[in-house]
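**Student:** please work out how this folds:
(one chain, ligands or ions: 1)
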Amino acid sequence: MWRRFRKSAEVKSPKLPAGSRVYAIGDVHGRVDLLQETFAKIDSHRDAYPIANALEIMLGDYIDRGPSSFDVIELLSGRVRGGTICLKGNHESFLLEFLKDPTIFNPWRRCGGLETLASYGLEPSVDLSPEDQESLAAALAERLPAHHHNFLVALPLSFTLGDYFFVHAGVRPGVALSNQRAEDLLWIREEFLRYEGSFGKVVVHGHTPVSEPEIRNNRINIDTGAYASGNLTCAVFEDDQIQFL
Ligand SMILES: [Mn+2]
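**Tutor:** Here you go, the predicted model:
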């Protein structure tokens, strides 16, 4: 099932260092059921094909839209202690922002925030006065276990290994990978998706749902819209090859 990376005369295949393997997982959005299945598949793959350095990288958007955001954070905060790398998605940044600035309730609600609030036992009505927004944020802060809060604030924005750059949304073309703004790493779409040139590394990302994983010369999109499709993608990178679990 391994696919060798598409090669052209002038582009050499991206690679991971010898002896390393990455399991990269796309947007989860509250689907703890799918995440549990995926971790079970990874665990049995690791047992069947042992390797010196196996890494799991989650590409962000653990919460919102789907029903079980609380349980996803619970599962991931445990998995992080075992070495899993969880990157920040724009939805995690929505939640953290809401705690500081409750007036973003409406934009967050329109992006599936009510499902996250419900998973923490909070069911606000949709039109809230500024005072209501304030007290909702306070109630969320109170219900958010300390280890969930610590997990959320510690999420890094990107991770680099070998010829790959892992990130939630993408990068801004023309800007060095080391110089990207958080805003772009979390939110960018069209300018990044349209760009056909090199980013310096192959960017592995989520954020923009596609029906099948997209493998391009400069980027790989593994957000297969798990929340609605029931299809949570896990891409496995090893040497210069990719497969899907
Ligand atoms: Mn998403």
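**Student:** C-alpha from now on. contacts and neighbour counts both.
**Tutor:** Will do.
**Student:** show me where this structure has helices.
**Tutor:** 32-48, 69-81, 90-100, 105-110, 113-119, 130-143, 146-153, 182-187, 190-194, 226-229 (DSSP state H).
**Student:** closest one to Val22 among those?
**Tutor:** Val22 lies closest to helix 32-48 among these, at 10.4 Å (Cα to Cα).
**Student:** contact partners of that closest one?
**Tutor:** Contacts with helix 32-48, where a contact means Cα atoms under 8 Å, 6 or more residues apart in numbering, come from 23, 28, 54, 68-69, 71-72, 226, 230-232, 234, 245.
**Student:** turn these into CSV, including distance to Glu123.
**Tutor:** Formatted as CSV, these follow (distance: Cα to Cα, whole Å):
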residue, distance to Glu123
Tyr23, 35
Val28, 22
Ala54, 40
Ser68, 14
Ser69, 14
Asp71, 17
Val72, 19
Ala226, 24
Gly230, 25
Asn231, 28
Leu232, 27
Cys234, 32
Leu245, 36
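**Student:** mean pLDDT per helix and strand in this protein: which one sits at the bottom?
**Tutor:** Within the chain, confidence by mean pLDDT, DSSP states H and E is lowest for strand 3-4 among all helices and strands, at a mean of 64.
**Student:** run the chain-centre distance for stretch 224-235.
**Tutor:** 12 Å (Cα atoms, centre = their mean, to the nearest Å).
**Student:** for Thr116, what are its contacts?
**Tutor:** Residues in contact with Thr116 (Cα under 8 Å, 6+ apart) are 30, 63-70.
**Student:** now with 6 Å?
**Tutor:** 64, 69 (Cα atoms under 6 Å, 6 or more residues apart in numbering).
**Student:** how about Asn53?
**Tutor:** For Asn53, the contacting residues are Ser20, by Cα under 6 Å, 6+ apart.
**Student:** picking up where we left off before, now, of the helices of the chain, which is deepest in the fold?
**Tutor:** Counting by mean count of other Cα atoms under 10 Å, helix 113-119 has the highest mean neighbour count of these, with a mean of 22.
**Student:** so how far is that one from its chain's centroid?
**Tutor:** Here helix 113-119 is found 18 Å from its chain centre; the criterion is Cα atoms, centre = their mean.
**Student:** how about stretch 119-126?
**Tutor:** How far stretch 119-126 lies from its chain's middle: 24 Å, per Cα atoms, centre = their mean.
**Student:** same check, this time on stretch 69-82
**Tutor:** With Cα atoms, centre = their mean, you get 13 Å for stretch 69-82.
**Student:** export that stretch as CSV, just CAs?
**Tutor:** C-alpha atoms of stretch 69-82 as CSV (Å, rounded to 0.1, in the frame of the first residue of the first chain):
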residue,chain,number,x,y,z
SER,A,69,-14.8,17.8,22.2
PHE,A,70,-14.3,17.2,26.0
ASP,A,71,-13.5,13.6,25.4
VAL,A,72,-11.1,14.4,22.5
ILE,A,73,-9.1,16.8,24.7
GLU,A,74,-9.1,14.2,27.5
LEU,A,75,-7.8,11.5,25.2
LEU,A,76,-5.2,13.8,23.6
SER,A,77,-3.9,15.3,26.8
GLY,A,78,-3.1,11.8,28.0
ARG,A,79,-1.5,10.8,24.6
VAL,A,80,0.7,13.9,24.7
ARG,A,81,2.3,12.5,27.9
GLY,A,82,3.3,9.5,25.8
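**Student:** ok, residues contacting that stretch?
**Tutor:** 30, 32, 63, 116, 119, 151.
**Student:** which of those sits closest to Ser135?
**Tutor:** Closest to Ser135, out of all of these and judged by Cα to Cα, is Thr116, at 16.3 Å.
**Student:** where does the closest one land on pLDDT?
**Tutor:** Per-residue confidence (pLDDT) for Thr116: 97.
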